[in-house]
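Participant: Any chance you can model this:
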Amino acid sequence: MVSYNDCSYIRELYQDFYIMGITRINNLAQRYEGGCEFPEVIITNYDPAKRQAEVKQISLFDFQEMEAETYCLAEGADKAGGAEE
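Facilitator: Alright, predicted model coming up:
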């Protein structure tokens, strides 16, 4: 994944990749021109829409639930397997 200023040369150079046009705030110009934005492209070698639908980033809360489930499963396996204390 890379990002560039949006221009025809960059779009032509990366035409075989996935290109998503966006605008972003120009941090350098914010002091003098509040809200100043410029066009930018994000270029990937994968379909970002498809990937977003497939990948779910887990949060700390998800991790805690998964950890609790794993602990309960492991504890149940110990009891079912006759593990000695």
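Participant: tally of neighbours for the nearest residue to Val2 once chain neighbours are set aside?
Facilitator: Closest residue to Val2 in three dimensions, ignoring its sequence neighbours and counting by C-beta to C-beta, 6 or more residues apart in numbering: Ile43, at 5.2 Å. Where C-beta positions appear, they are placed from N, C-alpha and C, glycine not excepted. Residues within reach of Ile43, counting by other C-beta atoms under 10 Å, total 17.
Participant: Which per-residue confidence value corresponds to Ile43?
Facilitator: Per-residue confidence for Ile43 comes out at a pLDDT of 96.
Participant: now Asn27
Facilitator: Value listed for Asn27 in the pLDDT field: 72.
Participant: gap between it and Tyr4?
Facilitator: Counting by C-beta to C-beta, to the nearest Å, the gap from Asn27 to Tyr4 is 16 Å.
Participant: can you check Arg51 too?
Facilitator: For Arg51, the distance to Tyr4 - C-beta to C-beta - is 20 Å.
Participant: now Ile22
Facilitator: Ile22 is 11 Å from Tyr4, by C-beta to C-beta.
Participant: So for those two, which residue has more residues nearby?
Facilitator: Set Ile22 next to Tyr4 and count neighbours by other C-beta under 10 Å: Tyr4 wins out with 16 against 11.
Participant: is the more buried one in a bridge, and if so with what?
Facilitator: For Tyr4, the residues forming beta bridges with it (DSSP bridges) are Val41.
Participant: now do Tyr18
Facilitator: Thr44.
Participant: For it, report the pLDDT, please.
Facilitator: For Tyr18, the predicted pLDDT is 95.
Participant: ok, which stretches of the chain are strands?
Facilitator: In chain order, the chain shows strands spanning 2-5, 18-25, 37-44, with DSSP state E as the criterion.
Participant: Any idea which of these gets closest to Phe61?
Facilitator: Go through the strands of the chain one by one with C-beta to C-beta and the one that ends up closest to Phe61 is strand 37-44, at 28.6 Å.
Participant: Just name whatever secondary elements the closest one is in contact with.
Facilitator: For strand 37-44, the contact count by 3 or more C-beta pairs under 8 Å, 6 or more residues apart in numbering; DSSP states H and E identifies strand 2-5, helix 8-13, strand 18-25 as packing neighbours.
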